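Student: A predicted structure for the sequence below; I have some questions about it.
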Amino acid sequence: MTEVYYDDDADLSVIAGRKVAVIGYGSQGHAHALSLRDSGVDVRVGLPEGSKSRPKAAEQGLRVVTPFEAAAEADVIMILAPDTAQRKIYAESIEPNLTAGKALFFGHGLNIRFELIKPPADVDVAMVAPKGPGHLVRRQYVDGKGVPALVAVEQDATGGALALALSYAKAIGGTRAGVIRTTFKEETETDLFGEQAVLCGGAAALVQTGFEVLTEAGYTPEVAYFECLHELKLIVDLMYEGGIARMRYSVSDTAEYGDVTRGPRVIDARVKDEMRKILSEIQSGEFAREWIAEDDAGRPNFTKLQQQGEDHPIEQVGRQLRGMMSWVDRPITETA
Ligand SMILES: NC(=O)C1=CN([C@@H]2O[C@H](COP(=O)(O)OP(=O)(O)OC[C@H]3O[C@@H](n4cnc5c(N)ncnc54)[C@H](OP(=O)(O)O)[C@@H]3O)[C@@H](O)[C@H]2O)C=CC1
Ligand SMILES: CC[C@](O)(C(C)=O)C(=O)O
Ligand SMILES: [Mg+2]
Ligand SMILES: [Mg+2]
């Protein structure tokens, strides 16, 4: 069985003895910067002049400097800007300051796995990748809990890269939940697959399609929303707590019989083949090339598809229904 690292396996004083730069203050950046600070780490946030994240970080009492200044001051540089922006930030602000013995950290491995960033051999290159959205990484930390994380070491120039990554993971709450060691290759490919085929792409398409089938057959949109979206969270909560078995224990026999007989008809061999194709596009670098080119072109296709998603009827009915449930529309974070 894979080794899982918990709080007792990581030494907080390792990261507390370093100067850390967090580049970016979005979903992950705000969570890392605030939790590092609350764990006693000397942290500064690197953001360009004019960045709309600057006031948020400053309001939270963090010292904000430019990415160049942050990389010059710090000896651990964590890049938490968008994946598509990282290669330019690296070239302009980090590379000139990446002297021997420093550590370059990532929250996701895309830029290293696909060689968009090639650090020099005399620095540590490591990853601390929480397996959850940044706003929940912060919320769990504040609540005394944690989101599981992956750590990986691509280069160990100092001999201390793993201890440093585990220490960093402890400072953001990861070792409270469990940290697994992996590689940049495995993290990048599984993370992209998970978000495309299951967690974001697969789940969103499943919900929208179920809603469409019911409403096109004449059923009430509000009923369809509760059935296909709202209740999904309650079902997934049971899976999160006790696996698919606990969900099946809790639902009726009728639901469980429908689940085991009809589920495989929805997610059938054709869907599995398509998932394999998606995985091979990730592994070959085809997806990364497509995404970088789309970003370089100003994201025309992405913007169109985002708009289509926002215009889907499930969003309108959902907004109305959630408006009646004050506890559902909780701000995703108190801080960013
Ligand atoms: N979202 C998540 O929960 C997860 C993300 N990750 C990884 O974490 C990394 C960050 O993603 P995410 O948190 O979603 O990013 P976001 O899009 O939420 O945030 C991006 C942040 O970077 C800032 N930024 C944009 N351009 C620059 C620049 N040139 N220099 C410095 N800062 C800049 C933005 O500032 P501004 O406000 O000015 O735009 C913003 O503060 C990615 O590698 C991602 O794959 C990993 C696990 C989960
Ligand atoms: C599931 C999406 C994710 O991989 C994440 C929150 O872990 C991301 O890139 O945002
Ligand atoms: Mg992920
Ligand atoms: Mg991801």
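Tutor: Yep, that arrived. Ligands and ions are numbered 1, 2, ... in the order given.
Student: what ranges do the helices span in the stretch 101-250 of the chain?
Tutor: 110-113, 134-142, 161-171, 174-177, 184-193, 201-216, 221-225, 231-250 (DSSP state H, counting those that start in this stretch).
Student: Would you tell me which of those helices gets closest to G323?
Tutor: Using Cβ to Cβ as the criterion, the shortest distance between G323 and the helices of the stretch 101-250 of the chain is 12.2 Å, found for helix 221-225. Glycine gets a C-beta too; all of them are placed from N, C-alpha and C.
Student: what helices or strands is that closest one leaning on?
Tutor: Counting contacts by 3 or more Cβ pairs under 8 Å, 6 or more residues apart in numbering; DSSP states H and E, helix 221-225 packs against helix 201-216, helix 313-322.
Student: so R246 touches Y240, yeah?
Tutor: No. R246 is beyond contact range of Y240, at 9.1 Å (criterion: Cβ atoms under 8 Å).
Student: Which one's more surrounded, the two?
Tutor: Set R246 next to Y240 and count neighbours by other Cβ atoms under 10 Å: R246 wins out with 14 against 11.
Student: Would you mind measuring from the more buried one to E256?
Tutor: Separation of R246 from E256 (Cβ to Cβ, to the nearest Å) stands at 12 Å.
Student: cool, A129 as well?
Tutor: 35 Å.
Student: Also I94?
Tutor: With distances defined as Cβ to Cβ, the gap from I94 to E256 amounts to 52 Å.
Student: the more surrounded of these two?
Tutor: Neighbours were counted for I94 and for E256 using other Cβ under 10 Å; I94 has more, 25 against 14.
Student: The more buried one - that's part of a strand, no?
Tutor: No. When DSSP: H, G, I helix; E, B strand; the rest coil is applied, I94 is found to be helix, with no strand at that position.
Student: got the end-to-end distance for stretch 10-22?
Tutor: Distance across stretch 10-22, first residue to last, is 20 Å (Cα to Cα, to the nearest Å).
Student: Let me see the residues that make contact with it.
Tutor: In this structure, residues lying in contact with stretch 10-22 by Cβ atoms under 8 Å, 6 or more residues apart in numbering are 29, 32-33, 36, 39-46, 67, 70-71, 73-78, 80, 103, 160, 163-164, 166-171, 175, 179.
Student: residues in contact with the spatially closest residue to E3 that is not a sequence neighbour?
Tutor: Spatially, and ignoring its direct neighbours in sequence, E3 is nearest to R181 (6.9 Å; Cβ to Cβ, 6 or more residues apart in numbering). Remark: with contacts taken as Cβ under 8 Å, 6+ apart, R181 is in contact with T2, E3, Y5, L150, V151, A152, V153, L162.
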